[in-house]
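Participant: need coordinates for the below:
(2 chains)
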Amino acid sequence: MSDVPWLSILLAVPALGALALVLMPRGFARAREFALGVSLLTLVLAVLAALQFTVGSGGELQLTEVYSWIPQFGVSFALGVDGIALSMILLSVILVPVCLVAAWNDVPADGTRRLQGYVAWMLLLEAMMIGVFAATDVFLFYVFFEAMLVPVYFLIGQYGGPDRARAATKFLLYSLLGGLIMLVAVIALYAEGPGGTDGFLLANLTGLEIGGVTEKLLFLGFFIAFAIKAPMFPVHTWLPHAATEARPATAVLLVGVLDKVGTFGMLRFCLQMFPEASRWATPVVLVLAVVSIIYGALLAIGQKDMMRLIAFTSISHFGFIVMGIFAMTTVSQTGSTLYMVNHGFTTAALFLVAGMLVARRGSRLIADYGGWQRVTPLIAGTLLLSGLSALSLPGLNAFVSEFMVIVGTFQRYPVFAIVGATGVILAALYILLWYQKIATGPKPEEVAARTHDMSVREKFVIAPLIAAFLVLGFYPKPVLDLLEPAVTTTLQHVGVTDPAPTISAEGSEG
Amino acid sequence: MSVLETSVGLALADPSAVRAVEATGTSALAWLLIALPLLGAALLLIGGRATDSFGPLLATLLSWGSFVVGALIVLQLSGLAEDERAMSVPLWDWVTAGDLSVHAGLLIDPLSMAFVLLITFVGSLIHVYSLGYMEHDPDKRRFFAYLNLFVAAMLILVLADSYLLLFVGWEGVGLASYLLIGFWNHNPAYASAANKAFVVNRIGDFALIIAMAYMLATFGGLDFATVHGSAGSASTTILTIIGLLLLLGACGKSAQFPLQSWLGDAMAGPTPVSALIHAATMVTAGVYLVVRSQAIFDLTPEARLAVAVVGAITLLYGAIVGCAKDDIKKALAASTMSQIGYMMLAAGLGPIGYAFAIFHLITHGFFKAGMFLGAGSVMHGMADRVDMRRFGGLSGMMKITWLTFMAGWLAILGVPPFAGFWSKDKIIESAFVDQGNGAWQAWVFGLVALIGAGITAFYMSRLFFMTFHGKARWEDDVDPHESPLTMTVPMIVLAVGSVALGFILSWRGTFASWLEPVTGHVEHHEPVLSVPVIMGLTLVLVIIGGAIAWLRYGRDEVPVVAPVGSFATRAARQDLFQDEFNENFLRRPGASLVAGLEVADDDVIDGGLVGGTSRGLAGVADVVRRAQNGFVRTYALTMLAGIVAILGAVWVIQ
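Facilitator: As a prediction, the model looks like this:
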């Protein structure tokens, strides 16, 4: 079975689906059904591909494919996944159908190409996401990294809210800035490598031991691009704007999946290719990560627009992820990679439930609500549940990962861990104050009379997400088993080992 | 490694978790204890309105089912030799990565089972009571779902065999408490009270998370067996830090100083909730945590002293606040704080106090739950009024409520032979024991505990007389009446416990010897005052306190509007200004910080530093746009420029 090019198929199906939608006649009535079918087919294929993945066989890349692409420039079309990449791909292919159902009524089927375009962009984005996580050629990664911007730009700029043009531009500018810096680093990195017709292959660029200023500069080139994408303080300001103007479904894919390319890139590229520079940069990165945690949380507390609020909670959560990555212990990094999966589900639920509220009340302003537990009890209940996941309530998904990041970071950097952990208290504030303003208080009778609770379609949207909360909260083991070997390999590349528990360390001395 | 010295002669067996063998027989079914109420919560929440008709009854039955399982396990345990009364029930492999390896599992030992019986028995009685109390509430089903959720979470807390699983229960009860305090959250003040409880608790939870981080870094594990088993090889500094962090966690959950401010507001929840969660069970979780972590506290006198100091401060704090409250539930809440202060004080005394802390916790669970249910019954008959200045003379109208409340009142006063006498007096005696840390400690803790008993007698008698005796001061629209049987029967059962439980559990040292495998056997220590003197003094102070209360609130007329009062009275009425402190030193500066950051994010970061760069780019883009008419083209151009750059680079390299 291993000769089946699983990853290429996964990449091709949604891309061809998008193409087919564009070629269909104008006003094709079943565009949404078609796109949903394609995304479900992709999901099935991804599950089949995952079954080919051997969990117990260490952290090396599997399901690999290498084709020569532009040999003159050393570029190959090379795909492959480790546990981290596979988990991100699975997250993407689960969230896309959920988002398609959530976005069912976003664009009216008015006989023009608008609806077709909307779902086609989503499918194309799915293909790009699969590609960016599966690419094992640095140049190919860069191509996907940049190409991903196109569907998002159009999804925000053409289908977003009133200020969509400005938001899409800001998003594109920030991303392009990061991308250009990375491009320079990509080319320079090639020059450091062995060159040749497959000189951009990740395998040829790892373990180079570049050293010195060059390695530091290359590291920065990649890191700045990833920090913008993640996004970290102080290059985060594009995200609240983009998340606010985007449709909830777009925001989910943008924040829940696409931003993970940033943290994924730090793990895959920064740490593995520039281990020395990574260790050099660690103190600064940890400071920025902790600042992101607290800064994002404090700003989330003050937000009046709920989409902006969710965006700032993500900035806080990305701070945790980056902290865990750069603390470089097995526990913290496994926690971070699990956090990347969990945050995808949690943020998806927050954006989509908030979207359900906005669809009913016609306002993103938190002050326009109040008493909605008695207007739409189910929506309010799922909002609370999603919020509890975001504030890392034990028993729900995010807790395991946040806890692992904190205690894992503590093993090496106790002060950062303790300061970062105050985010736990702030999270209770931003979630519960938000819920209080939305759901509690006297029932607004006049609104209640014309507002209906969750529809069947919306239940289908939210059910898989809640299932993920519970399964990953109580039984994260399968995912952890998938992630840990890849993390171990990464840490070997960086050349760090876990600190031993102090009592056994003392015991061996005395 | 030096042998660590402790100030007390320890006669401890290994910690339970270390000796636990895999459970057999009924104990292997211990997971049912948690599964039954959890199933109830799930069914009622997911089933929705379809379960409205039978949901409350089902929840009550499942809670009783859990009690039956617990009783059977206790039967099995009591049939075993003392050192075999520790069993583990492994459940599943939960979190494994690197050094962190936590298997979810339960620990059954005399300590956890004492809690299981208290939680399921009092909890089930309160389910029954709620059938009556909440009968006309449209959201009754949701209420019972939350009650079941609480019972399940509380059982996870006490049955967990690792700090991490304990934490699941710990925050789980916090969630249930949040949901139930805010049950009537259409009232904005109640919704705020729920938030306050959760957020203040999170401060304690933060400390617990850090404590676990220290444990993992020190011991390489979070399960009780690893941590307690190797506590002896860790440095005293680390143990003290862990102890203090655990204490801060306990302060949050148990409303101990300085994290006490949420408990008074938590009375916004329906009264059965106040009885179950905010008096009998959840708020005692902090005491459980300290006693369960005795392997750590035994080795760190500093952290133990901190526990005792916190307990002593809180027992006076709560007692003083209790003297001035006119809201019957808030007066009871202050009393709960104070009584848990007693338990913390006892736990802080170390091995000589652990068993008494748990003993008082159990008797308190009965008499305080009984009094809360009594207060609920009074409110039921008085159109949900809570102002005691508008009660008075209810003894004739609500005979059962009056009598059962009287049992609780005498129990908390510590009048022999009621329950509190057996447990509270032991704590006062232990506080007077000089454990070799200087006699001053014995005198300070002993006198605080003694004076606390006198103040307790005053404010509880004040409450009792204002409510049931004196002249009726009812408002015109109320028609006092006794509550239905579903409510009075649980009150009667708890009253029986308030009367007899102390005596029964003390008979031939039953309870102390039951706990001995966990808390260890301690030789009797002589207090600095002789025991009969302490008992005599306590009784005298209690009588004086009660007598003053009778003169002022039983014999004299009680004004229906509270007099302005002295500064001390006003301070006590306002909880010794705790909310003013929080408002001025935490909330307002915090709000200003958030507001300031918002402006900074827009103006400085987005507008200046980073935004400037991006606007600069936009300027370039603008030029290009004018030429190329559109951003997509700009984008394509950038890509093209990039490719040209690559071509150039490759050409140069070759």
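Participant: so which strand or helix has B:Asp425?
Facilitator: Element membership for B:Asp425, per DSSP states H and E: helix B:419-431.
Participant: could you look up the SS state of A:Val66?
Facilitator: Here A:Val66 is strand, with the state taken from DSSP: H, G, I helix; E, B strand; the rest coil.
Participant: isn't it right up against A:Leu140?
Facilitator: No - between A:Val66 and A:Leu140 there is no contact under C-beta atoms under 8 Å: 10.4 Å. All C-beta atoms are positioned from the backbone trio N, CA, C, and that covers glycine.
Participant: which residue of those two possesses the greater neighbour count?
Facilitator: A:Leu140 (23 against 15; other C-beta atoms under 10 Å in any protein chain shown).
Participant: so for the longest strand anywhere in chain B, what gets flagged as buried?
Facilitator: Across chain B, the longest stretch assigned as strand under DSSP state E is strand B:87-97. Residues of strand B:87-97 classed as buried by neighbour count (16 or more other C-beta atoms under 10 Å in any protein chain shown): B:Met87, B:Ser88, B:Val89, B:Leu91, B:Trp94, B:Val95, B:Ala97.
Participant: any chance of a markdown table for those, columns distance to B:Leu179?
Facilitator: Converted to a markdown table, the buried residues of strand B:87-97 look like this (distance: C-beta to C-beta, whole Å):
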| residue | distance to B:Leu179 |
| --- | --- |
| B:Met87 | 33 |
| B:Ser88 | 31 |
| B:Val89 | 28 |
| B:Leu91 | 25 |
| B:Trp94 | 25 |
| B:Val95 | 26 |
| B:Ala97 | 32 |
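Participant: any idea which of these is closest to chain A?
Facilitator: Closest approach to chain A among these (C-beta to the nearest C-beta): B:Ala97, at 3.9 Å.
Participant: enumerate every residue touching the residue positioned nearest the centre of chain B.
Facilitator: Chain B has B:Val283 as the residue nearest its centroid, 1.8 Å off, counting by C-alpha atoms, centre = their mean. The contact partners of B:Val283, taken as C-beta atoms under 8 Å, 6 or more residues apart in numbering or on different chains, are B:Lys253, B:Ser254, B:Ala255, B:Leu263, B:Ile277, B:Thr336, B:Ile340.
Participant: 6 Å instead?
Facilitator: B:Ser254, B:Ala255, B:Ile340 (C-beta atoms under 6 Å, 6 or more residues apart in numbering or on different chains).
Participant: ok, B:Ala312 next?
Facilitator: Residues near B:Ala312 by C-beta under 6 Å, 6+ apart: B:Leu345, B:Phe445, B:Val448.
Participant: I'd like to know how many residues surround whatever residue of the stretch 351-500 of chain B ends up closest to chain A.
Facilitator: Going by C-beta to the nearest C-beta, chain A is nearest to B:Asp384 of the stretch 351-500 of chain B, at 17.7 Å. B:Asp384 has 10 neighbouring residues, counting by other C-beta under 10 Å.
Participant: distance of it from A:Ile466?
Facilitator: For B:Asp384, the distance to A:Ile466 (C-beta to C-beta, to the nearest Å) stands at 36 Å.
Participant: and the helices in the stretch 101-250 of chain A, which stretches?
Facilitator: For the stretch 101-250 of chain A, applying DSSP state H, counting those that start in this stretch gives helices covering A:114-134, A:138-147, A:149-159, A:164-192, A:202-205, A:212-229, A:238-245, A:248-251.
Participant: nearest to A:Phe269, of the ones you listed?
Facilitator: Among the helices of the stretch 101-250 of chain A, helix A:212-229 comes nearest to A:Phe269, with 5.2 Å by C-beta to C-beta.
Participant: ok, and what's touching that closest one?
Facilitator: With contact meaning C-beta under 6 Å, 6+ apart, helix A:212-229 is reached by A:174, A:178, A:181-182, A:184-185, A:189, A:235, A:259, A:261-262, A:265-266, A:269-270, A:274, A:276-277.
Participant: what do you get if the cut-off is 8 Å, keeping everything else the same?
Facilitator: For helix A:212-229, using C-beta under 8 Å, 6+ apart, the contacting residues are A:145, A:174-175, A:177-179, A:181-182, A:184-186, A:188-189, A:192, A:210, A:235, A:238, A:258-259, A:261-263, A:265-266, A:269-270, A:273-274, A:276-278, A:280-281, A:285, A:288.
Participant: now the angle between helix A:238-245 and it, please.
Facilitator: 20 degrees (axes from the mean of the first three to the mean of the last three C-alpha atoms, to 10 degrees).
Participant: ok, and the most crowded of the contacts of B:Ala312?
Facilitator: B:Leu345 (30 neighbours).
Participant: then whatever helix or strand that residue lives in to PDB, C-alphas only?
Facilitator: Counting by DSSP H and E, the element that carries B:Leu345 is helix B:328-348. Output of helix B:328-348 as PDB, limited to C-alpha atoms (Å, rounded to 0.1, in the frame of the first residue of the first chain):
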ATOM      1  CA  ILE B 328     -29.600  34.700  57.700                       C
ATOM      2  CA  LYS B 329     -27.700  32.900  54.900                       C
ATOM      3  CA  LYS B 330     -24.800  35.300  55.000                       C
ATOM      4  CA  ALA B 331     -24.500  34.900  58.700                       C
ATOM      5  CA  LEU B 332     -24.400  31.100  58.200                       C
ATOM      6  CA  ALA B 333     -21.800  31.600  55.400                       C
ATOM      7  CA  ALA B 334     -19.600  33.600  57.800                       C
ATOM      8  CA  SER B 335     -20.000  30.800  60.400                       C
ATOM      9  CA  THR B 336     -19.000  28.300  57.700                       C
ATOM     10  CA  MET B 337     -15.800  30.200  57.000                       C
ATOM     11  CA  SER B 338     -15.100  30.400  60.700                       C
ATOM     12  CA  GLN B 339     -15.700  26.600  61.300                       C
ATOM     13  CA  ILE B 340     -13.500  25.700  58.400                       C
ATOM     14  CA  GLY B 341     -10.900  28.000  60.000                       C
ATOM     15  CA  TYR B 342     -11.100  25.600  63.000                       C
ATOM     16  CA  MET B 343     -10.500  22.700  60.700                       C
ATOM     17  CA  MET B 344      -7.500  24.400  59.000                       C
ATOM     18  CA  LEU B 345      -6.100  25.300  62.300                       C
ATOM     19  CA  ALA B 346      -6.300  21.600  63.400                       C
ATOM     20  CA  ALA B 347      -4.800  20.400  60.100                       C
ATOM     21  CA  GLY B 348      -2.000  23.000  60.600                       C
END
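Participant: what is the orientation angle of it with helix B:419-431?
Facilitator: Between helix B:328-348 and helix B:419-431, the angle comes out at 40 degrees (the same axes, to 10 degrees).
Participant: after helix B:328-348 comes which helix or strand?
Facilitator: The helix or strand immediately downstream of helix B:328-348 is helix B:351-381, counting by DSSP H and E.
Participant: care to break chain B down by domain?
Facilitator: Per automatic domain parsing, the structural domains of chain B span B:344-568, B:580-653.
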